[in-house]
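Colleague: Structure here, sequence nowhere to be found:
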DNA sequence: CCGGATCCGTTTCGATACTG
DNA sequence: CAGTATCGAAACGGATCCGG
């Protein structure tokens, strides 16, 4: 993956852009944690269940910022701290996340919150709007139940 | 990625299963080529626009077969040749592909077939049913216009 | 020719240790 | 707390080789 953004290869199929951003094991999980779990800080994102290494997390966050999917911002409660927030582009990934979750649910025996996934699938616009509102309000309540530690 | 399937880590969130299969730069593109372009053979899949190396292609095909997303079958027209086909599990990825394509279309200036993507989004069940039927008929007509060579 | 397998140099990943 | 530095392991990419 070239660091130079000029080296963008011609992407004839619309899936390429997605794969160039999310074609690794972590980027999509980071977006999920931001979107569904209300994680916002480096430490929270690093302490998720999947135990991403700190250097990888830092690099992935940089890449996601460069891709315009998330943004770095001062924490509203403590200006010294940094927090990461989904951009509009990132929020618009909700239907993708929902479709993936639904596929996984259908093919992997797993007890997981079907209700939320179905809601996103049936009314994606309404869910994205809600997500945007929650995000504007800086609500960090998780949409998914957090795994118990 | 451990070769040993026993080493499956507990996947609390339904996205993990997807990422473990498609968390690389090629697997999803291979599924797209099978689903949307009517590619079925090793040579066709290797000659796509993205120029995957032959060893990587072979490994990814093995992994996708092991994951139950595609299957190896004798070519119906020439029994000596091999062809790859989506399984039910693979066909069910259509809504995921559509959601990804739609997201990319909305955020990357690209002239691409909106019509198909919107159809999948609005009537995913109908599209999956059609895909299944085409697949049963062994029709290899591409759903997407092929990039000119 | 088709469907890979093997070898090898390069790039990326991942765990741990460390720093301002 | 929010990252860097380091270093071994794994993945990638190109070229070549091989059995049918």
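Modeller: In hand now; what should we look at? On a predicted model such as this, the values are computed, not experimentally measured, just so you know.

Colleague: going forward, measure contacts and count neighbours with C-alpha atoms only.
Modeller: Noted.

Colleague: pLDDT at residue A:25, what is it?
Modeller: We have a pLDDT of 94 for residue A:25.

Colleague: Hmm, I typed the wrong one, I wanted residue A:65.
Modeller: Reported pLDDT for residue A:65: 96.

Colleague: ok, and the closest non-adjacent residue to it?
Modeller: Setting aside the residues directly before and after it, residue A:65 is nearest to residue A:71 in space (C-alpha to C-alpha, 6 or more residues apart in numbering or on different chains), at 5.3 Å.

Colleague: secondary structure class for the one you found?
Modeller: Following DSSP: H, G, I helix; E, B strand; the rest coil, residue A:71 is assigned to strand.

Colleague: Could you double-check that it lies in contact with residue A:62?
Modeller: No - at 9.2 Å, residue A:71 and residue A:62 do not qualify as touching, with contact defined as C-alpha atoms under 8 Å.

Colleague: ok, now which ones touch the most centrally placed residue in chain A?
Modeller: Centroid check for chain A by C-alpha atoms, centre = their mean gives residue A:31 as the closest residue, at 1.1 Å. The contact partners of residue A:31, taken as C-alpha atoms under 8 Å, 6 or more residues apart in numbering or on different chains, are A:86, A:90.

Colleague: so how far is residue B:23 from it?
Modeller: From residue A:31 across to residue B:23, the span is 14 Å (C-alpha to C-alpha, to the nearest Å).

Colleague: for residue A:55, same thing?
Modeller: Distance from residue A:55 to residue B:23, counting by C-alpha to C-alpha: 18 Å.

Colleague: can you check residue A:34 too?
Modeller: Counting by C-alpha to C-alpha, the gap from residue A:34 to residue B:23 is 18 Å.

Colleague: more neighbours, the two?
Modeller: A direct count of neighbours by other C-alpha atoms under 10 Å in any protein chain shown for residue A:34 and residue B:23 places residue A:34 higher, at 23 against 20.

Colleague: sec struct for the more buried one, please.
Modeller: Using three-state DSSP, the structure places residue A:34 in helix.

Colleague: need the contact list for it.
Modeller: When contacts are counted by C-alpha under 8 Å, 6+ apart, residue A:34 touches A:40, A:45, A:84-86.

Colleague: Which of those residues fall within helices?
Modeller: Counting by DSSP state H, the contacts of residue A:34 place residue A:45 in helices.

Colleague: Next to DNA strand D, which bits of chain A? Give me the list.
Modeller: Counting by C-alpha under 7 Å from any atom of the strand, the residues of chain A close to DNA strand D are A:41-44, A:54-55, A:58-59, A:81-83.

Colleague: Can you select the buried ones from these in PyMOL?
Modeller: Remark: buried members of the residues of chain A next to DNA strand D, expressed as a PyMOL selection using 16 or more other C-alpha atoms under 10 Å in any protein chain shown:
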select buried, chain A and resi 41+42+83
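
Colleague: near DNA strand C, from the residues of chain A next to DNA strand D?
Modeller: Filtering those for proximity to DNA strand C by C-alpha under 7 Å from any atom of the strand leaves A:54-55.

Colleague: what is the mean pLDDT for stretch A:69-80?
Modeller: Stretch A:69-80 shows a mean pLDDT of 85 in the predicted model.

Colleague: buried sites along the lowest-mean-pLDDT helix or strand in chain A?
Modeller: Here the helix or strand of chain A ranked lowest by mean pLDDT, DSSP states H and E is helix A:114-122, holding a mean of 77. Going by neighbour count (16+ other C-alpha under 10 Å), the buried part of helix A:114-122 is A:116-117, A:120-121.

Colleague: Distance to residue B:91 added to those residues, as a markdown table?
Modeller: Compiled in a markdown table, these are given as follows (distance: C-alpha to C-alpha, whole Å):
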| residue | distance to residue B:91 |
| --- | --- |
| A:116 | 23 |
| A:117 | 19 |
| A:120 | 21 |
| A:121 | 18 |
